[in-house]
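Novice: model the following, please.
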Amino acid sequence: MHILPLLREGGETSVSRARSNFPRDCEPPTGSEETREVSCTFRRTYLSPIEARREAENGHAQDGFLVSRNAFCIICAVIPSYVHGCSSTPLLGETIGACLDRICEHFADSEALISRHQGLRYTYGQLKEEVEKVARGMISIGVKKGDRVGLWSPNCAEWLIVQYALAKVGAIMVNINPAYRLRELDHVLTQSGVSVIVAARRFRNSDYAAMIDELAPKLPDFSRVVYFGNERVGSAMTWNCLIEQGRSVPERELREREISLQCDDPVNIQYTSGTTGRPKGATLSHHNILNNGFFTGEQLRYTPDDRICLPVPFYHCFGCVMGSLGALTHGSAIVLPSESFDAEACLAAIQEESCTSLYGVPTMFIAQLDHAAFSGYRLDSLRTGIMAGAPCPVEVMRQVIQRMHMREVTIAYGMTETSPVSFQSSIDDPIEARVCPRLAASIPMSK
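Specialist: Residues are numbered from 1 along each chain as shown. The predicted model follows:
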């Protein structure tokens with residue numbers, strides 16, 4: 001514990017000469033990227049010179065530097081901590097993989113995932129089996145704990161399987177927006193340090209394979225791409241080849257990897273929308289997103305009997321946290337109506353799969369209410385759901401409750417950096433309270 005030598009030349013602080021004494025990830029503030037990293041890793045406190053020296057003598061200051069004539073900046077070692085509200089329900093202290101194992105032990109024969117556009121159905125027992133095949137495949141191609149693995153695809157069963165598989169091997173999944181063009185993809189892959197990409201070959205008019213081929217030589221950390229399906233694309237690995245190669249990895253090796261993980265390990269990098277600048281990556285832990293999904297589901301009173309119609313995209317926190325992990329933590333089922341939003345596909349999924357919950361942004365609900373075939377579908381299995389992503393007009397909320405039978409629909413507020421939900425209305429709040437953030441009853445979510 002010490003204060004660095006502080007040098008003043010010509011009446012100004014000389015940080016360049018003191019800089020060499022700082023740990024590599026802890027440098028004086030210069031307005032650079034490193035400064036923002038420091039603020040995330042260390043607690044910085046500005047004190048008078050006398051106060052700073054006293055802190056150093058008491059062993060509280062790890063490093064420091066002069067920032068003005070009359071103030072020191074003290075950088076103190078971080079002590080891990082949690083912030084949560086009062087609740088009788090304890091936080092989950094497990095990894096996503098451990099949660100999957102626990103849920104599968106109790107609900108192995110319950111349906112976990114129905115991908116209608118692919119014609120695929122999995123019970124929790126079957127889903128775990130597929131997840132572990134892919135997890136062993138990831139180990140076989142050299143994916144290590146902490147490696148960044150990009151996932152680029154519209155909604156499909158494989159997306160969810162990869163999410164859980166990467167969590168089991170300790171990799172950090174990087175969500176990639178299916179709508180990204182070359183420049184946006186370049187920014188995300190370069191900034192996050194992705195070494196492996198798992199992707200669809202194409203989506204709509206976007207040729208993912210061509211874009212990846214163009215960027216691959218420029219990416220310093222990139223080593224391999226795996227494409228869904230069996231169609232070979234150049235030297236890339238197919239989905240089936242990944243699973244087949246994974247058979248060479250003993251189950252014991254996967255178990256050892258899982259045992260080495262902690263719930264506070266990073267597991268996901270989600271990129272913000274970029275509406276006010278370039279998309280920014282938020283790094284989230286197992287503890288962050290698993291608890292966020294869990295408490296979101298608690299607020300909706302989820303049980304293993306619930307079936308969630310999920311038209312929102314998996315790449316977004318709405319899909320991969322509030323949807324995927326909200327269902328997992330309660331043993332509920334996820335129903336994917338289509339690879340991207342389709343109003344009539346949602347209505348058909350609700351009727352034919354007896355969905356009890358529906359997610360969407362307000363425009364998705366409006367599109368279903370206004371669809372010409374709306375009156376031809378039975379939606380009385382619906383009970384609850386989440387409307388988020390944009391303000392909801394009161395009249396839309398009334399119609400969703402009355403015409404779609406979603407009497408317990410809730411509104412959620414938050415942002416990517418908070419895993420994402422920070423506040424959520426209650427299922428029995430008055431309509432006016434649900435649609436107005438100033439009036440909404442709130443629950444604290446894991447940060």
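
Novice: could you use CA atoms for every contact and neighbour count after this?
Specialist: OK.

Novice: helix or strand for the closest residue to Arg121 other than its chain neighbours, just tell me which one.
Specialist: Leaving aside its chain neighbours, Arg121 sits nearest to Ile114 (4.5 Å; criterion: Cα to Cα, 6 or more residues apart in numbering). Using DSSP states H and E, Ile114 maps to strand 111-115.

Novice: in its sheet, what does the very next helix or strand once past that strand sit against?
Specialist: Sequence-wise, the next helix or strand downstream of strand 111-115 (DSSP H and E) is strand 120-123. Each strand paired with strand 120-123, and its direction, by DSSP bridges: strand 111-115 (antiparallel).

Novice: tell me, how many neighbours does the nearest residue to Leu182 once chain neighbours are set aside end up with?
Specialist: The shortest distance from Leu182 to any non-neighbouring residue, by Cα to Cα, 6+ apart, is to Met211 (6.2 Å). Counted with other Cα atoms under 10 Å, residues neighbouring Met211 total 17.

Novice: do the same with Gln191
Specialist: Number of residues near Gln191 (other Cα under 10 Å) recorded here: 12.

Novice: what sits up against the helix or strand it falls within?
Specialist: Using DSSP H and E, the element containing Gln191 is helix 182-192. Residues from elsewhere that reach helix 182-192 (Cα atoms under 8 Å, 6 or more residues apart in numbering): Arg148, Gly150, Val174, Ile176, Met211, Leu215, Leu219, Pro220, Ile269, Tyr271, Pro279, Gly281.

Novice: name the residues of it that are buried.
Specialist: Buried residues in helix 182-192, counting neighbours by 16 or more other Cα atoms under 10 Å, are found at Leu185, Asp186, Val188, Leu189, Thr190, Ser192.

Novice: just stretch 378-387 next, same as before
Specialist: Under 16+ other Cα under 10 Å, the buried positions of stretch 378-387 are Arg378, Leu379, Ser381, Leu382, Arg383, Thr384, Gly385, Ile386, Met387.

Novice: picking up where we left off before, separation between the residue nearest to Arg121 and Pro337?
Specialist: 8 Å (Cα to Cα, to the nearest Å).

Novice: could you confirm Val174 falls within a helix?
Specialist: No: assessed with DSSP: H, G, I helix; E, B strand; the rest coil, Val174 is strand; it does not lie in a helix.

Novice: which parts of the stretch 251-400 of the chain are strands?
Specialist: Under the criterion DSSP state E, counting those that start in this stretch, the stretch 251-400 of the chain contains strands at 266-271, 281-285, 307-309, 333-336, 357-360, 384-387.

Novice: between the longest one and helix 182-192, how many degrees?
Specialist: If I follow you right, that is strand 266-271. 150 degrees (axes from the mean of the first three to the mean of the last three Cα atoms, to 10 degrees).

Novice: which other helices and strands does strand 266-271 contact?
Specialist: strand 172-176, strand 281-285, helix 286-299 (3 or more Cα pairs under 8 Å, 6 or more residues apart in numbering; DSSP states H and E).

Novice: would you list those in a markdown table and tack on mean neighbour count and mean pLDDT?
Specialist: A markdown table is the format used below for the helices and strands packed on strand 266-271 (neighbours: other Cα atoms under 10 Å; pLDDT from 0 to 100):
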| stretch | mean neighbour count | mean pLDDT |
| --- | --- | --- |
| strand 172-176 | 26 | 98 |
| strand 281-285 | 20 | 95 |
| helix 286-299 | 24 | 96 |
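
Novice: relative to Glu417, which of the ones you listed is closest?
Specialist: strand 281-285 (5.4 Å; Cα to Cα).

Novice: can you check what angle separates that closest one from strand 172-176?
Specialist: In terms of direction (the same axes, to 10 degrees), strand 281-285 departs from strand 172-176 by 140 degrees.

Novice: contacts for strand 281-285?
Specialist: 188, 192, 263-272, 416-417, 419.

Novice: tell me who's in contact with Val394.
Specialist: Per Cα under 8 Å, 6+ apart, neighbours of Val394: Ile431, Glu432, Val435.

Novice: can you add distance to Glu408 and pLDDT and give those back as CSV?
Specialist: Listed next are the contacts of Val394 as CSV, based on distance: Cα to Cα, whole Å; pLDDT from 0 to 100:
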residue, distance to Glu408, pLDDT
Ile431, 10, 89
Glu432, 14, 84
Val435, 13, 82
